[in-house]
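[1] pasting the sequence and the predicted model now:
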Number of protein chains: 2
Amino acid sequence: MTTLRHPAPLDGASQARSEADTPSSLVMRFGPDHPLVLDSGAKIDNLQIGYQTYGELNADRSNGVLVCHALTGDQHVASVNPVTGKPGWWETMVGPGKPIDTNRFFVICTNVVGGCMGTTGAASTNPATGQPYGLDLPLITIPDMVRAQAMLVDALGIDQLFCVAGGSMGGMQVLQWAAAYPERVFAALPIATGPRHSSQNIAFHEVGRQAIMADPDWHGGRYLSVGASPRKGLAVARMAAHITYMSDEGLHKKFGRNLQDRDKIAFGFDADFQVESYLRHQGLSFVERFDANSYLYVTRAMDYFDLAADHGGRLANAFLGTKTRFCIISFTSDWLFPTTESKAVVRALNAAGASVSFVEVETDRGHDAFLLDEPVMFASVRGFLSSAAAARWQ
Amino acid sequence: MTTLRHPAPLDGASQARSEADTPSSLVMRFGPDHPLVLDSGAKIDNLQIGYQTYGELNADRSNGVLVCHALTGDQHVASVNPVTGKPGWWETMVGPGKPIDTNRFFVICTNVVGGCMGTTGAASTNPATGQPYGLDLPLITIPDMVRAQAMLVDALGIDQLFCVAGGSMGGMQVLQWAAAYPERVFAALPIATGPRHSSQNIAFHEVGRQAIMADPDWHGGRYLSVGASPRKGLAVARMAAHITYMSDEGLHKKFGRNLQDRDKIAFGFDADFQVESYLRHQGLSFVERFDANSYLYVTRAMDYFDLAADHGGRLANAFLGTKTRFCIISFTSDWLFPTTESKAVVRALNAAGASVSFVEVETDRGHDAFLLDEPVMFASVRGFLSSAAAARWQ
């Protein structure tokens, strides 16, 4: 959590360590003259971005690495999460001596716009009403998230990031960074992601949203104002999503048909199989750390992502003339973002004449593999960054 | 819906065309001296079975074909469903001149125990209290469903069925029939099924059950007694399940990322993509025809099914010495019951020295393919039954 030689913010932004509403995080606040203009045409005034940095920015501000988090992640990528008390979500990847080496790089991680860990989201106070936004927050897109990150990167005085890296929704942000700001991204590392959200993925998100909105404690999105919380709906949403993060094979290996009481089935509706108990735990622990409306907004942002559609229907157009170096990583058992999605990006990058390497990692851990101990992924990231660094600082 | 030469029920059972609670269905009622004894050790008194028959039973009562329905199916396999007004759920397969030819066979289809279309289930009146069972109904298993069907087949005076056929949960019943009553099944036709429910499948069912039980209108299962209905929870459960009935490829082909308003995204939480609207419709129409507690009981029965575990841990033991002829059908894009599950059954049958043919049908329609117009499936069923008939009545 230490930031050494942390750059002072530029004009129009102010920096602070936050208080009650954003525990133990750095916060960048933008004044009313620096609104975030959204794809929907709406704008967010008084934007606040919760973020963390790790390592030291070098003298020419060229060693910045932006790590983008996934759907329910946050800025605490490599330090204890102040809400859960658990280690950062990617400590195996980011830290001193790790593949994204904080002895070498200045790592920045921001909570996305629409999130609930210090960046403006549905639970933030709407300056127009003094009440939590709820559904009055305008809809957010992946390009909006990236635009807000660019404002922060600007405020830190960084022109070009050495690398933008992330998995899943984080990988969508990486692709969007590379497409929208090619000159600001020396190297791009999208993992377990795709250039658009598939029909099936939209369907799973819609189930989760319907579960939340079906909960009477959701109160049409105004639950914070009435002191309620749609815990049950949010837990069901998380349970449904969590299945998609694992693989059939991985679940079978982990749980099979093992019973809680290993001797006999209980003939009831309590968690009889271990997989049920595991899933319930995932649902219940999630509601302790995540805001239900944020879940609506951030899932919607993923649904809307379609990089080809934003570039005349041809994905290669998103990367024409790019000088960014890409490394794409997918996992064999990931059925949320199967390898075919990564290959579509690789093909488009090839068509655009970009520099791209591609690794498909053999694993039975499904989509969540990008968060886990996967030596081939680590070796690939290490090799890619070291070769990119050689090119950058030759 | 006509039953020609319908056999009179044997002692201990009475037959009627049902009234208000079981619209337009035949009903077999068993007296208190004929309880259904369940795997849990409990029993159901005054068992009632809603069923339909099609075609004519021949003189030696040897042409009976029992069709077993899937999770949310019912006895209306080949005639208009009196609740929905829609055609029977397998009219492409069952009827005059169809692969299961009612000009030749006497087709029987029963609503499963625990269901909600005329057979004793959670919405039925508990004779002990005079109130709907709700969660006081004992838990049901696939073997229990089959045991009840055997009581009906007994009451109809049929010793051996020419064939038992069904898809998905219906296929589980077929396998159970063949394992429990090999001498009563001349031919068995399990489609898109498996010998056990996988960890991932249990997980999806658990999400659905949690969605129902999270709905305050569920009232701990007593919603009928208080005049409520957990419609929202049941709709979410159906939506989650429905995704698993299709394939990623099929969804992509059907909906892609098509918008409801084809010009632009709406930046909101209404159904913006066609796949969302489709899924909501599936959820909403389902609650009009299905009882939420039945959904709990019948999903649980599928979860509990594990034919190998019931036979000393070796699937082949379930079929040792069988003379039944089997035809197993799976679909390439079915990820709920993938071909590997069917192959496990084929291997076990081979190990048991049984007669078995196996067809994997190439399709992008996922698990639901067994309900759809799949010419290769129809040709396989026709060929299998005609060869079995030649052997039976040579």
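    Everything's here; your move. For clarity, every value in this text was computed on a predicted model and none was experimentally measured. Residues are numbered from 1 along each chain as shown, chains lettered A, B, ... in the order given.

[2] which residues in the stretch 201-350 of chain A form strands?
    For the stretch 201-350 of chain A, the strands defined by DSSP state E, counting those that start in this stretch cover A:325-331.

[3] so where's it shaky on pLDDT?
    A:262 (pLDDT under 70).

[4] and the helices in it?
    Applying DSSP state H, counting those that start in this stretch to the stretch 201-350 of chain A gives helices spanning A:231-245, A:248-254, A:274-287, A:292-304, A:339-351.

[5] who touches stretch A:116-126?
    A:18, A:21-22, A:25, A:27, A:36, A:44, A:46-51, A:74-76, A:83, A:110-115, A:131-137, A:148, A:221, A:224, A:290-291, A:293-294, A:296-297 (Cβ atoms under 8 Å, 6 or more residues apart in numbering or on different chains). Glycine gets a C-beta too; all of them are placed from N, C-alpha and C.

[6] repeat that with 6 Å
    A:18, A:22, A:25, A:27, A:44, A:47-50, A:74, A:111, A:113-115, A:132-134, A:136-137, A:291, A:293-294, A:297 (Cβ atoms under 6 Å, 6 or more residues apart in numbering or on different chains).

[7] and the stretch 251-394 of chain A, which residues reach chain B?
    By Cβ under 6 Å from any Cβ of the partner chain, the residues of the stretch 251-394 of chain A that approach chain B are A:251-252, A:255-256, A:265, A:267, A:273, A:275-276, A:279, A:304.

[8] before we move on, back to that, looking at the helices of the stretch 201-350 of chain A, spot the one closest to A:G170.
    helix A:292-304 (10.8 Å; Cβ to Cβ).

[9] can I have the buried ones of the residues of the stretch 251-394 of chain A next to chain B as a ChimeraX selection?
    Selection of buried members from these for ChimeraX, criterion 16 or more other Cβ atoms under 10 Å in any protein chain shown:
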select /A:251,252,255,265,267,273,275,276,279,304
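
[10] and the furthest pair within the residues of the stretch 251-394 of chain A next to chain B?
    Counting by Cβ to Cβ, the most remote pair of those is A:F267 and A:Y304, 45.1 Å apart.

[11] mind giving me the PyMOL select for the contacts of stretch A:116-126, buried ones only?
    Buried residues within these, by 16+ other Cβ under 10 Å, are selected in PyMOL with:
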select buried, chain A and resi 22+25+27+44+47+48+49+50+74+111+113+114+115+132+133+134+137+291+293+294+297
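
[12] which parts of the stretch 51-200 of chain A sit against chain B?
    A:139, A:199-200.

[13] highest neighbour count among these?
    Greatest neighbour count in these, by other Cβ atoms under 10 Å in any protein chain shown, goes to A:S199: 25 neighbours.

[14] nearest residue to it in space, please, no chain neighbours.
    B:L251 (4.1 Å; Cβ to Cβ, 6 or more residues apart in numbering or on different chains).

[15] isn't that neighbour right up against A:H197?
    No - assessed by Cβ atoms under 6 Å, B:L251 is found out of contact with A:H197, at 12.0 Å.

[16] circling back: from the residues of the stretch 51-200 of chain A next to chain B, which land in helices?
    If you go by DSSP state H, those have A:199-200 in helices.

[17] let me have the residues of the stretch 51-200 of chain A next to chain B in JSON lines, extended by pLDDT.
    Below are those laid out as JSON lines (pLDDT from 0 to 100):
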{"residue": "A:L139", "pLDDT": "98"}
{"residue": "A:S199", "pLDDT": "97"}
{"residue": "A:Q200", "pLDDT": "97"}
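
[18] which one of the residues of the stretch 51-200 of chain A next to chain B is nearest B:L66?
    Nearest to B:L66 among those, with distances taken as Cβ to Cβ, is A:Q200, at 34.7 Å.

[19] how about that closest one, what does it touch?
    Contacts of A:Q200 (Cβ under 6 Å, 6+ apart): B:248, B:251.

[20] and it, how far from A:M172?
    As judged by Cβ to Cβ, to the nearest Å, A:Q200 and A:M172 stand 16 Å apart.

[21] ditto for A:D39
    14 Å.

[22] who's more crowded, those two?
    For the pair A:D39 and A:M172, the greater number of neighbours falls to A:M172 (28 against 18), based on other Cβ under 10 Å.

[23] the more buried one touches A:I142, doesn't it?
    Yes - A:M172 is within contact range of A:I142, at 5.0 Å (criterion: Cβ under 6 Å).

[24] what does stretch A:247-261 contact?
    So stretch A:247-261 is contacted by A:271, A:274-275, A:277, A:333, A:364-366, B:199-200 (Cβ under 6 Å, 6+ apart).

[25] pull out the buried positions in that stretch.
    Buried, per 16+ other Cβ under 10 Å, within stretch A:247-261: A:247-252, A:254-255, A:257, A:259.

[26] now those as a markdown table including distance to B:L161?
    Compiled in a markdown table, the buried residues of stretch A:247-261 are given as follows (distance: Cβ to Cβ, whole Å):
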| residue | distance to B:L161 |
| --- | --- |
| A:S247 | 39 |
| A:D248 | 34 |
| A:E249 | 37 |
| A:G250 | 40 |
| A:L251 | 36 |
| A:H252 | 34 |
| A:K254 | 40 |
| A:F255 | 36 |
| A:R257 | 29 |
| A:L259 | 33 |
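
[27] which of those sit farthest apart?
    Maximum distance among the buried residues of stretch A:247-261 (Cβ to Cβ): 21.7 Å, for A:S247 and A:L259.

[28] B:S355: which of the buried residues of stretch A:247-261 is nearest?
    For those, the nearest to B:S355 is A:R257 (28.9 Å; Cβ to Cβ).

[29] how much space separates that closest one from A:I265?
    Taking Cβ to Cβ, one finds A:R257 at 10 Å from A:I265.

[30] next: A:M117.
    Taking Cβ to Cβ, one finds A:M117 at 41 Å from A:I265.

[31] A:E206 now?
    Using Cβ to Cβ, A:E206 is found at 33 Å from A:I265.

[32] now A:M172
    A:M172 is 42 Å from A:I265, by Cβ to Cβ.

[33] with only the CA atoms kept, save the helix or strand containing A:M151 in PDB.
    Assigning secondary structure by DSSP states H and E places A:M151 in helix A:142-155. Only the C-alpha atoms of helix A:142-155 are listed here, as PDB (Å, rounded to 0.1, in the frame of the first residue of the first chain):
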ATOM      1  CA  ILE A 142     -16.200  -0.400 -20.700                       C
ATOM      2  CA  PRO A 143     -15.000   2.600 -22.800                       C
ATOM      3  CA  ASP A 144     -16.300   4.800 -19.900                       C
ATOM      4  CA  MET A 145     -14.300   2.800 -17.400                       C
ATOM      5  CA  VAL A 146     -11.200   3.200 -19.500                       C
ATOM      6  CA  ARG A 147     -11.800   7.000 -20.100                       C
ATOM      7  CA  ALA A 148     -12.000   7.400 -16.300                       C
ATOM      8  CA  GLN A 149      -8.700   5.500 -15.900                       C
ATOM      9  CA  ALA A 150      -7.100   7.700 -18.500                       C
ATOM     10  CA  MET A 151      -8.100  10.700 -16.400                       C
ATOM     11  CA  LEU A 152      -6.400   9.200 -13.500                       C
ATOM     12  CA  VAL A 153      -3.300   8.300 -15.500                       C
ATOM     13  CA  ASP A 154      -3.300  11.900 -16.800                       C
ATOM     14  CA  ALA A 155      -3.600  13.200 -13.300                       C
END
